[in-house]
Each structure stands twice: as C-alpha cells, then as structure tokens.
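Novice: After the sequence you'll find the predicted model.
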Amino acid sequence: MALTQGQFIPKHPEKYRGDINKIRYLSSWELELMKTFDSNPYILEWNSEDVIVRYYSTADGKNRRYM
C-alpha cells in the first residue's frame, strides 16, 4: 500500500485559517477531508494541526507532543 502524503493547495485559500503554504496531509483520509472542507460552502473556516497535545510517555520516559 502506497503512503499518500504531500502539500495541499486550497482552491479557496480565504477559508484556511493559517499559512496556506504549510498545509500538509499525511494520509488519503486527511486529503479527502481537506478537499471537502475547502469545497463545502457551509464550512466557513478550517485549519490543520492547530492543536498540540503535550504528554509524558511512560514507554520511554520522555515528554512528547502530538499534533
């Protein structure tokens, strides 16, 4: 199975809340959602990986973050 990842270029950049030059997808699911968010007239704004969740990993004893 091929890994789908890359940069997303929106057709409606005014709807993206963030830097449109830094929109990345790491899966085909993310790509499809980005296309939907960009093209759906009922979605006024959207962004990607805006929330960072910090946590402590007991597996390796390190502070980590999930985006």
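Specialist: Looks like it came in fine. If you're wondering where the values come from, they're calculated on a predicted model, not measured in any experiment. Numbering: from 1, shown residues only.
Novice: Pick out the residue closest to the middle of this protein.
Specialist: residue 48 (3.2 Å; C-alpha atoms, centre = their mean).
Novice: the strands in the chain, which residues?
Specialist: Taking DSSP state E as the test, the strands found in the chain are 6-7, 24-25, 53-57, 62-66.
Novice: okay, the third one in CSV with CA atoms only?
Specialist: In other words, strand 53-57. The C-alpha atoms that make up strand 53-57 are tabulated as CSV, following Å, rounded to 0.1, in the frame of the first residue of the first chain:
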residue,chain,number,x,y,z
VAL,A,53,-1.3,17.9,22.8
ARG,A,54,1.7,17.5,25.2
TYR,A,55,2.0,14.3,27.1
TYR,A,56,4.6,12.2,29.1
SER,A,57,5.4,8.9,27.6
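Novice: Now do the same contact list for residue 25.
Specialist: Residue 25 is in contact with 4, 5, 6, 7, 8, 31, 34, 48, counting by C-beta atoms under 8 Å, 6 or more residues apart in numbering. For the C-beta atoms, the positions are set from N, CA and C on the backbone; glycine is no exception.
Novice: Name the nearest residue to it, sequence neighbours excluded.
Specialist: The shortest distance from residue 25 to any non-neighbouring residue, by C-beta to C-beta, 6 or more residues apart in numbering, is to residue 31 (4.5 Å).
Novice: Need the pLDDT of residue 45.
Specialist: Here, the pLDDT recorded for residue 45 equals 96.
Novice: ok, the residue nearest to residue 25 to residue 10 distance?
Specialist: 12 Å (C-beta to C-beta, to the nearest Å).
Novice: What pLDDT is listed against the residue of the chain most remote from its centre?
Specialist: What lies farthest from the middle of the chain is residue 61; by C-alpha atoms, centre = their mean that is 27.4 Å. pLDDT recorded at residue 61 is 95.
Novice: What of residue 4?
Specialist: On the pLDDT scale, residue 4 gets 86.
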